[in-house]
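Novice: Below are the sequence and a predicted model; questions follow.
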Amino acid sequence: MSEPAPDPRKQFLIDQLRPGAVRTVKVIGFDGADVLVRPTDTEGENAEVGRIPRHEASMRRMEHPSELFEVGQEVNAEEIGRWREGQLHLSARACEIPALRSFLLAFERGQVVAGTVSGVHNFGVFVHVDGEPDGLCTGFIRVPDLTWGWINHPSEAVEAGRRITAEVIVAETRTGQVTLSLKALREDPLIRFADQVGRVLTGPITKIVPFGVFVRLASDVVGFLHLSDLTDEPVETPDQLVDEGELIPVEVAEVDLRRHRVRLGPAGGANRTW
């Protein structure tokens, strides 16, 4: 069976994060908390005026960019787009640490890298990628990119100090990070599970939400059963009918490889009151 097609929306976001061209600009003033600059290659009466938004000024903490920049100063900044009727916007933070920028620019999407987990948090995992500049932590794994399976917390997938190999999703010079994926190096379990459509399976309820329940069908495979397929009786929430951990029979109605979802239906094709 073929691999699921890449998500074009995700690819668009990745393309938006790719590093832009570097320009040398001269600080000409401030507009609120933004830095106004003029590219040094556009001198004269019609010289273009660009803008470095406050959050793109530096990776360092500051109250105002004037703490770090002064009028007349020349800095390197990365082009990030045009807004406000075509005004050029740039990022100085993307060029702030040359060694970090060089390190990040060496990565390509799909490249496999090694590193050591430095911290595990509820929002994701930080990784010291091999070869990164001293004193920095450049790798980050979002929770959805840790594993194909269902987890309640990233600590169920990795722990601090663990050596890992991961695939590069995108390297972002503006954030100083390379986004990684652990699950990209493992086969999507739904590929082998897709031939189960139409079969009745029994599994434990792993989670109850207001509009239905999630049922574990195999290792790293969880399907969703809507409340309307649990019963014909008028109930407000599934926990009036079932408990977490309870085994229930369900029919595999659909395996969506694109969205990585399994839709379930009632066993036997009819609603049932539990």
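Specialist: That came through, no problem.

Novice: who does the most centrally placed residue in the chain bridge with?
Specialist: Centre of the chain computed as the mean C-alpha position; nearest residue by Cα atoms, centre = their mean is residue 142, 5.1 Å away. Beta-bridge partners recorded for residue 142 (DSSP bridges): residue 124.

Novice: From residue 183, how far off is it?
Specialist: As judged by Cβ to Cβ, to the nearest Å, residue 142 and residue 183 stand 10 Å apart. Where C-beta positions appear, they are placed from N, C-alpha and C, glycine not excepted.

Novice: ok, which stretches of the stretch 151-274 of the chain are strands?
Specialist: 163-172, 177-181, 200-209, 212-218, 221-226, 247-256, 261-266 (DSSP state E, counting those that start in this stretch).

Novice: Using TSV, please lay out the ones you listed together with mean neighbour count and distance to residue 106.
Specialist: Converted to TSV, these look like this (neighbours: other Cβ atoms under 10 Å; distance: least, Cβ to Cβ, whole Å):
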stretch	mean neighbour count	distance to residue 106
strand 163-172	19	8
strand 177-181	23	10
strand 200-209	16	40
strand 212-218	21	39
strand 221-226	21	37
strand 247-256	17	36
strand 261-266	20	36
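
Novice: how does this structure divide up, domain by domain?
Specialist: 23-95, 98-185, 189-269 (automatic domain parsing).

Novice: Any chance of these in a markdown table with mean pLDDT as columns?
Specialist: Formatted as a markdown table, the domains of the chain follow (pLDDT from 0 to 100):
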| stretch | mean pLDDT |
| --- | --- |
| domain 23-95 | 92 |
| domain 98-185 | 96 |
| domain 189-269 | 90 |
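
Novice: give me the number of residues near residue 25?
Specialist: 27 (other Cβ atoms under 10 Å).

Novice: Please apply the same query to the one 4 residues further on.
Specialist: Under the neighbour criterion other Cβ under 10 Å, residue 29 is assigned a count of 12.

Novice: Once you drop chain neighbours, what's closest to it?
Specialist: Setting aside the residues directly before and after it, residue 29 is nearest to residue 36 in space (Cβ to Cβ, 6 or more residues apart in numbering), at 4.6 Å.

Novice: That neighbour contacts residue 53, correct?
Specialist: No - between residue 36 and residue 53 there is no contact under Cβ atoms under 8 Å: 10.9 Å.
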